[in-house]
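Trainee: dropping the sequence and predicted coords here.
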Amino acid sequence: MYRHLQRRLEQHIRDFLRGTYDLDLPKIVIEQPPKVELGEYALPLAFELAKKLRKAPRRIAEEVVSGIGQIPGFEKLEIAGAGYINARVNRAELAASVASDRKQSFPAPAGKVLVEHTSINPNKAAHVGHLRNAILGDSFVRLLRFAGREVDVQNYIDNTGVQVADVVVGFLQLAKKSRAEVEQLAAQPRFDYYCWDLYARVSQWYEQDKQNLQARVQALHAIEQGGNETAQIADLISIAILRRHLETMDRLDIEYDFLPRESEILHLHFWDAAFEKLKSAGVLTYESEGKNQGCWVMRRAGTTQTAADPEVSEEDQKVIVRSNGTVGYVGKDIAYHLWKFGLLGRDFGYRRFYKYPNQHDCWISTTNGQPEHPHFGDVAEIYNVIDARQSEAQNTVIEAVRALGYHQQADHYTHFSYEMVALTPRCAAELGYQLSEEDQARAYIEVSGRKGFGVKADDLIDTLIASAKKEVDARHPQLNDAERREIATKIAIGALRYFMLKFTKNSVIAFDFREALSFEGDTGPYAQYAIVRATNIFHKGGIDPESYSPGECDFAKYLDANDIWELWLSASQTSYVIDQCIATAEPAYLAKHAFQLAQLFNYFYHQHPILSESDEGRKRFLLATVAVVRRELTRVLAVLGIEAPRAM
RNA sequence: GCGCCCUUAGCUCAGUUGGAUAGAGCGUCUGGCUACGAACCAGAAGGUCGGGAGUUCGAAUCUCUCAGGGCGCACCA
């Protein structure tokens, strides 16, 4: 509703400027005044126009205010300070509209959106860094769906790469396991933890003697070729670990629609199709001499062509096809992304792989698939949730798409980049890792799967649940254990998801148990608690919060109070904030909004006793306020993937 | 060496399109539960927005420069 009024205001301003000054500004800045007393929208417009119109800002503001006339939904425009134009909405009208939850429909852009996230190498347990990726990605999916977009969620599985090969080497060379034994181990509940340790052991083994790296090369070869025992073991491992990852993410309500695997990109020859296009478009060039002799290369993203040297210098070359004829990761990624946009002319085979408790099917790629399957790919926009370290590789893929002439697709290819999660030295010490003096002095230390250094996702979730459970046990002894566990789980998920979302994407998270385990202040449970409080008011009053309607309610009479009005205003902004989140690819703004709404509500809750209110009209109004905040906060948290428990 | 990112209160972070007195949480100190449950609320202390220059009516935000930190720059993925 807030968003709707803002657009209306903007339109009236535009019409006025065009009619009076014959001006068409590229954008009209509309913001919120520092205090609600000043109004709901602020326009610094007069400052910008002062020079253009050769008039004092205040004078311009006066002309706008007196000339613009009545705007539906608005009370009036006012001049403030040196020339701000503040707009006051009709509070009662806006409140009535929010209370009845009237939706202003905005048509969503056409076309499907593809969000790729998680994409963990299927060779070890997921850790905190992967959680940030998955939670950011899943929340963005929810944001898009809230805005009415159709979204495909994909999780790319690199099942034929070095990392899987390393664990295969671990099983064969270090653990001396047979295929049957690996199969048995893979059926164990925490097979991913076993592999976590084994992977670290293999990495050490390589360091002990560089000769050992031969084993990796051989395993990698065998896996890529397929049809042998090594490849079968690799497949066994990657499938089992993948299932574990899906289970871990399912604990956080994160689901996927399709799991494209590198093995199919290889076996279905996606690269061959892409290679032909890239060659004929001249995107790739063959190097007949120099250090990249015998390779097909393209210009690395971020490097620029100079007039003096139109050829791509060796420094700026990215090898796409190696001199032995095999294609590297970036090449496969180009092919994969042409498929995403429906430009490759080939498709995966599909089969069902995983069924979520809600009956939703997750599909996986295969060479010979089922005839009936959903249509994946062929989308209008893509978002790749991949950490910032890979931005150069991502940009190279985008540039390849662009160089093939697909400008529109390249413009709708977003590297949803985020910074890593690292551990504080204290956290590392708590986990029992020995740190060098140099590392101890750092603000944070990068997690490393190779070193087995990191906090495993399931461990973190378990710790959070246990910690929440202790609190719930103490606060709600009357509930049975299953009920308390259910509540604790929701609190734990709320805390974790919020923690990963409250930081903006380009801030490195220095992970620390103390902060992540906090349930107070700027946390998920704080917002959940506000909902529980709101619900309790209704329950104590014997009213159903979902169906509550204030009936005749004189909003105008009660909304003069700025503190309560601020709460209504904030509650009306959900769609507006969500638009901002999508436009900037930044879910953190919604987390901030949830916190602010909860904070305003808690203040209100403290200031205004409701059930004991003797004035019936005022009581209805206060209950309507609670109902609206509860509804909006629940909605906002749902977009963040957080649910409020029944009690806290 | 080249490229990208970061530097805001004791700590951890917001500040999206340049705009009104730079905000939160935690921590510290003070106060508030006979309850719509205090996982809460109120108040206090705490800032040369890394340094410098520039653009602008206006800069934490844009440009340049210096300093410090992080991450990339494989015929790995």
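Mentor: Received it, and whenever you're ready, just let me know what you need. Numbering: from 1, shown residues only, chains lettered A, B, ... in the order given.
Trainee: for the rest of this, base every contact and every neighbour count on C-alpha atoms.
Mentor: Fine.
Trainee: mind splitting chain A into its structural domains?
Mentor: Following automatic domain parsing, one gets these domains for chain A: A:2-89, A:269-332, A:524-639.
Trainee: of those, which shows the lowest average pLDDT?
Mentor: Among those, domain A:269-332 has the lowest mean pLDDT, at a mean of 88.
Trainee: before we move on, back to that, mean neighbour count added to the domains of chain A, as CSV?
Mentor: Below are the domains of chain A laid out as CSV (neighbours: other CA atoms under 10 Å):
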stretch, mean neighbour count
domain A:2-89, 16
domain A:269-332, 16
domain A:524-639, 19
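Trainee: quick one: closest of those to A:Ala96.
Mentor: domain A:524-639 (7.3 Å; CA to CA).
Trainee: how near is the residue of the stretch 151-300 of chain A found nearest RNA strand B to A:Glu315?
Mentor: Distance from RNA strand B to each residue of the stretch 151-300 of chain A (CA to the nearest atom of the strand) is smallest for A:Asn292, at 4.3 Å. Distance from A:Asn292 to A:Glu315, counting by CA to CA, to the nearest Å: 10 Å.
Trainee: ok, A:His539 next?
Mentor: For A:His539, the distance to A:Glu315 - CA to CA - is 69 Å.
Trainee: got it, and A:Gly161?
Mentor: From A:Gly161 over to A:Glu315 (counting by CA to CA), the distance is 26 Å.
Trainee: then A:Asn212?
Mentor: In terms of CA to CA, A:Asn212 sits 31 Å off from A:Glu315.
Trainee: A:Arg485 now?
Mentor: Distance of A:Arg485 to A:Glu315, computed by CA to CA: 57 Å.
Trainee: neighbours of A:Arg243, how many?
Mentor: Applying other CA atoms under 10 Å, we find 16 residues neighbouring A:Arg243.
Trainee: would you map the helices across the stretch 251-400 of chain A?
Mentor: A:262-267, A:270-280, A:329-340, A:391-403 (DSSP state H, counting those that start in this stretch).
Trainee: can I get those helices in TSV including distance to RNA strand B?
Mentor: Below are the helices of the stretch 251-400 of chain A laid out as TSV (distance: least, CA to the nearest atom of the strand, whole Å):
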stretch	distance to RNA strand B
helix A:262-267	8
helix A:270-280	13
helix A:329-340	4
helix A:391-403	5
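Trainee: may I see the ones you listed arranged in CSV, with distance to A:Ala495 as well?
Mentor: Shown next, in CSV, are the helices of the stretch 251-400 of chain A (distance: least, CA to CA, whole Å):
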stretch, distance to A:Ala495
helix A:262-267, 34
helix A:270-280, 42
helix A:329-340, 34
helix A:391-403, 29
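Trainee: so which of those helices is nearest A:Ala175?
Mentor: Of all those, helix A:262-267 comes closest under CA to CA, at 25.5 Å.
Trainee: what parts of the stretch 101-250 of chain A come near RNA strand B?
Mentor: Counting by CA under 7 Å from any atom of the strand, the stretch 101-250 of chain A comes close to RNA strand B at A:Asp158, A:Gly161, A:Val162.
Trainee: with adjacent residues omitted, what lies nearest to the second one?
Mentor: The spatially closest residue to A:Gly161, leaving aside those adjacent along the chain, is A:Leu220, at 6.9 Å (CA to CA, 6 or more residues apart in numbering).
Trainee: burial check on the one you found, number of neighbours?
Mentor: Residues contacting A:Leu220 under the criterion other CA under 10 Å number 23.
Trainee: is it in a helix, a strand, or coil?
Mentor: helix (DSSP: H, G, I helix; E, B strand; the rest coil).
Trainee: measure it to A:Val162 for me?
Mentor: 6 Å.
Trainee: sounds good, over and out.
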